[in-house]
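Engineer: quick one, fold the following:
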Amino acid sequence: MTYESEEYSTSLPPNEEDSEVLTADEQSAVEEFLSGDTDLLETEDDVKYYKDSTYEIVSKVAYLIGVPKKIFENEHTPPKIEVYEKFEVNKTARIVRNLCRIRTAIERNFKHINDLMRLPSVTSSVLDYLPTDGIRQLADDGISLNFRSSVKLSQHIVDINRLISDRVNNCKNLFPTWLNWQYLKNIFVMPNGLTDAGTKAAANLYFPNISYYPYQMYINWQPKNEGNILYSDKKFVTLLYRWNNDEFLDYSKVSDAGSYVKGNIYDFISEAGKVVVVVDCENSDPYKLSAVLKNLDYTYTSKISSIILFDDVHTATAWRILDEVTDIPVEHMMIDRVKQSKSLVDITLTARTCTEFYRNNVDSFIIVSSDSDYWGLITSLPDAHFLVMIEHENCGPDLKNALENAGIFYCYIDDFYSGNAEDLKLIALMKEMYRYIGERVQLNINEMYEEALIATRVEMTYAEKKQFFDKHIRTVKLDIDDDGSVRLRLKM
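Structural biologist: Here you go, the predicted model:
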């Protein structure tokens with residue numbers, strides 16, 4: 001990138017190392033935060049209310065709004081360096097980050113830069129206030145920003161706002177589908193930011209409240225002392241929805257089971273001779289169990305011999321593809337019904353568990369079910385070891401009291417981070433829709449074409465037929481009405 005005027009032109013300094021080059025104000029903000037002299041430190045409420053939160057969302061947001069890499073590198077700050085490194089090689093994310101960094105730098109130093117640009121020529125001193133590595137990366141990514149003394153500095157902010165507005169939607173796929181993208185997108189888009197009035201209003205809001213902005217980086221919000229809004233996923237998403245007069249309640253998407261729960265599971269597996277997981281598919285959720293398996297250390301889960309699913313025809317079809325999201329061997333038992341109104345899952349699970357214990361030398365079982373009927377199984381095998389995984393809403397107090405009195409550890413599968421269970425949901429939905437299409441839609445394009453030729457008595461050579469097919473039929477599109485009805489549309 002080059003800063004130009006009619007009288008003077010100066011290029012960027014020679015390429016430096018790949019490490020991020022901080023401007024003076026960025027360095028000052030980093031030092032202020034790391035020294036503890038900031039309003040963004042954690043509070044007692046943060047520790048209390050956002051315990052066991054994840055940091056995936058806040059790390060991604062921190063990267064995109066331009067939080068300095070040094071913050072990511074500090075082990076005591078929320079943003080995780082692995083997210084930074086992953087996004088740094090993603091062109092889409094990198095462009096938005098650098099645009100946001102430059103916009104913030106201009107906002108912070110508007111007067112200094114503006115005064116320099118009023119001089120007869122734009123001097124290299126302008127570069128002291130801007131992130132040169134970000135400017136260079138943008139140029140490498142195909143975006144050249146030209147600062148000219150003949151153009152007002154506010155117009156350059158307008159140009160950057162336009163680029164951010166045009167490109168931020170490209171980052172939608174970097175976030176999970178459960179997160180309201182419109183809410184998140186709004187924090188990147190300066191209100192009325194394509195006008196001088198909008199940029200001035202944003203500056204008037206930003207400067208007096210700069211200490212409230214996350215790591216002093218500009219975002220679109222109504223600033224107030226919320227502490228570090230990027231303290232954790234749980235805190236940020238809760239606030240994000242609140243800013244939009246909405247409420248976020250699915251905290252399993254932004255928090256994980258704590259070290260106490262995981263530690264007990266790891267101890268149970270470590271002390272076992274042979275472990276098998278038995279799952280009552282009628283009384284469990286495949287997506288929640290998938291979350292459990294994804295969030296446990298593979299060092300321990302690799303010691304599990306198998307997962308046995310006891311399934312019924314009336315349960316979720318996602319159980320049939322659980323083996324696609326875990327390396328643990330999965331045995332899927334579909335239990336037929338003798339009487340249609342009576343499931344045989346519980347008795348089959350009980351019988352198979354006894355067989356595993358007496359015949360296959362399995363000494364430890366993880367039961368995944370909220371059904372209290374399995375207390376009979378547990379008490380009938382006093383020499384076996386049990387750990388029970390239940391769900392908050394589906395397990396009554398009687399079973400929990402019995403387990404506690406017997407010294408048997410139980411945990412809630414709802415408490416595990418479920419934000420990364422999207423792949424199982426996607427696979428399940430796609431397979432079910434392909435099944436539906438296969439059963440309902442029977443259309444052969446070649447047969448349709450031949451019947452149309454016969455009905456219309458249109459004569460074509462082989463070459464004409466192929467050309468017509470490629471031009472008008474191979475390009476067939478789907479039109480979907482608001483009510484979900486589908487219609488094929490041929491290109492004319």
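Engineer: what bits of the stretch 101-250 of the chain have low per-residue confidence?
Structural biologist: 119-125, 147-151 (pLDDT under 70).
Engineer: and the helices in it?
Structural biologist: Here the stretch 101-250 of the chain has its helices, by DSSP state H, counting those that start in this stretch, at 110-117, 132-140, 153-167, 181-186, 196-206, 233-243.
Engineer: between those, which one is closest to Asn446.
Structural biologist: Closest to Asn446 of the helices of the stretch 101-250 of the chain, according to CB to CB: helix 181-186, at 40.4 Å. (Glycine included, C-beta is placed from N, CA and C.)
Engineer: before we move on, the earlier item: which of the helices of the stretch 101-250 of the chain has the highest mean neighbour count?
Structural biologist: helix 233-243 (a mean of 21; mean count of other CB atoms under 10 Å).
Engineer: can you spell out which helices and strands pack onto the helix or strand that that one is followed by?
Structural biologist: As assigned by DSSP states H and E, the chain's next helix or strand after helix 233-243 is helix 259-271. Secondary-structure packing of helix 259-271 (3 or more CB pairs under 8 Å, 6 or more residues apart in numbering; DSSP states H and E): helix 298-301, strand 364-368, strand 385-390, strand 410-412.
Engineer: can you dump the C-alpha coordinates of the strand ranked longest in the chain into CSV?
Structural biologist: For the chain, the longest strand by residue count, based on DSSP state E, is strand 304-311. Extracted in CSV, the C-alpha atoms of strand 304-311 (Å, rounded to 0.1, in the frame of the first residue of the first chain):
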residue,chain,number,x,y,z
ILE,A,304,-13.1,-47.6,26.5
SER,A,305,-13.6,-50.9,24.8
SER,A,306,-16.9,-50.1,23.1
ILE,A,307,-20.1,-48.1,23.1
ILE,A,308,-23.2,-50.3,22.8
LEU,A,309,-26.3,-48.5,21.7
PHE,A,310,-29.6,-50.1,22.6
ASP,A,311,-32.0,-48.5,20.2
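Engineer: and it, how far from the chain's centre?
Structural biologist: 28 Å (CA atoms, centre = their mean, to the nearest Å).
Engineer: ok, which of the helices and strands packed on helix 259-271 comes nearest Lys431?
Structural biologist: Checked against CB to CB, the stretch from the helices and strands packed on helix 259-271 lying closest is strand 364-368, at 22.2 Å.
Engineer: quick one, what contacts the closest residue to Asn420 other than its chain neighbours?
Structural biologist: Leaving aside its sequence neighbours, Asn420 sits nearest to Lys294 (CB to CB, 6 or more residues apart in numbering; 5.4 Å). Residues near Lys294 by CB atoms under 8 Å, 6 or more residues apart in numbering: 325-326, 417, 420-421.
Engineer: quick check: the two most widely separated of those?
Structural biologist: Thr326 and Tyr417 (15.4 Å).
Engineer: okay, helices next: where are they in the stretch 351-492 of the chain?
Structural biologist: Using DSSP H, counting those that start in this stretch, helices in the stretch 351-492 of the chain cover 375-380, 397-405, 422-440, 445-456, 462-468.
Engineer: which strands and helices sit next to the second one?
Structural biologist: Based on contacts counted as 3+ CB pairs under 8 Å, 6+ apart, the elements that helix 397-405 packs against are strand 385-390.
Engineer: Ser165 against Asn186, yeah?
Structural biologist: No: applying CB atoms under 8 Å, one finds Ser165 not in contact with Asn186, separated by 10.9 Å.
Engineer: thinking again about what came up before, quick one: mean pLDDT for the following helix or strand past the longest strand of the chain?
Structural biologist: The C-terminal neighbour of strand 304-311 among helices and strands, as given by DSSP H and E, is strand 330-334. The average pLDDT within strand 330-334 is 91.
Engineer: who does strand 330-334 pair up with?
Structural biologist: Here strand 330-334 is paired, per DSSP bridges, with strand 304-311 (parallel).
Engineer: got the contact list for the strand it pairs with?
Structural biologist: Taking CB under 8 Å, 6+ apart as the rule, strand 304-311 contacts 269, 274-282, 319-320, 322, 326, 328-335, 345, 348-349, 352, 356, 362, 366.
Engineer: generate a ChimeraX selection restricted to the buried entries among those residues.
Structural biologist: Selection of buried members from the contacts of strand 304-311 for ChimeraX, criterion 16 or more other CB atoms under 10 Å:
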select :269,274,275,276,277,278,279,280,281,282,319,320,322,326,328,330,332,335,345,348,349,352,356,362,366
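Engineer: for Tyr358, the count of nearby residues, please.
Structural biologist: Counted with other CB atoms under 10 Å, the neighbours of Tyr358 add up to 11.
Engineer: out of the helices and strands packed on helix 259-271, indicate the one that is most buried.
Structural biologist: Highest mean neighbour count among these (mean count of other CB under 10 Å): strand 364-368, a mean of 23.
Engineer: and the angle from it to helix 259-271?
Structural biologist: 140 degrees (axes from the mean of the first three to the mean of the last three CA atoms, to 10 degrees).
Engineer: can you name every helix or strand that strand 364-368 contacts?
Structural biologist: helix 259-271, strand 275-280, helix 345-359, strand 385-390.
Engineer: just checking, Ala421 touches Ser290?
Structural biologist: Yes: with contact defined as CB under 8 Å, Ala421 and Ser290 form a contacting pair (4.7 Å).
Engineer: skipping adjacent residues, who's closest to Cys395 in space?
Structural biologist: Ser370 (3.9 Å).
Engineer: domain assignment for the protein?
Structural biologist: 2-253, 259-423, 443-489 (automatic domain parsing).
Engineer: okay if I get those domains as JSON lines plus distance to Leu429?
Structural biologist: Shown next, in JSON lines, are the domains of the chain (distance: least, CB to CB, whole Å):
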{"stretch": "domain 2-253", "distance to Leu429": "11"}
{"stretch": "domain 259-423", "distance to Leu429": "9"}
{"stretch": "domain 443-489", "distance to Leu429": "15"}
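Engineer: about what we covered before: what's the spacing between the residue nearest to Cys395 and Glu404?
Structural biologist: 15 Å (CB to CB, to the nearest Å).
Engineer: give me the more crowded residue out of those two.
Structural biologist: Taking neighbours as other CB under 10 Å, Ser370 and Glu404 compare with Ser370 leading, 25 against 11.
Engineer: pull the contacting residues for the closest residue to Lys224 other than its chain neighbours.
Structural biologist: Nearest residue to Lys224, sequence neighbours excluded (CB to CB, 6+ apart): Tyr212, at 6.2 Å. Residues in contact with Tyr212 (CB under 8 Å, 6+ apart) are 39, 223-226.
Engineer: swap in Tyr266?
Structural biologist: 296-297, 300.
Engineer: now do it against Asp414, distance only.
Structural biologist: Tyr266 is 20 Å from Asp414, by CB to CB.
Engineer: do Ser372 as well
Structural biologist: 18 Å.
Engineer: neighbour count winner among these two?
Structural biologist: The residue with more neighbours, out of Ser372 and Asp414, is Asp414; 20 against 17, by other CB under 10 Å.
Engineer: show the pLDDT at the closest residue to that one other than its chain neighbours.
Structural biologist: Among residues not flanking Asp414 along the chain, His392 sits closest, at 5.0 Å (CB to CB, 6+ apart). pLDDT, His392: 90.
Engineer: wait, isn't His392 in contact with Cys411?
Structural biologist: No: taking contacts as CB under 8 Å, His392 lies outside contact range of Cys411: 10.7 Å.
Engineer: quick one: low-confidence ranges for the stretch 251-400 of the chain?
Structural biologist: 338-341.
Engineer: can you rerun that using 80?
Structural biologist: Scanning the stretch 251-400 of the chain with the threshold set as pLDDT under 80 gives 313-317, 336-343.
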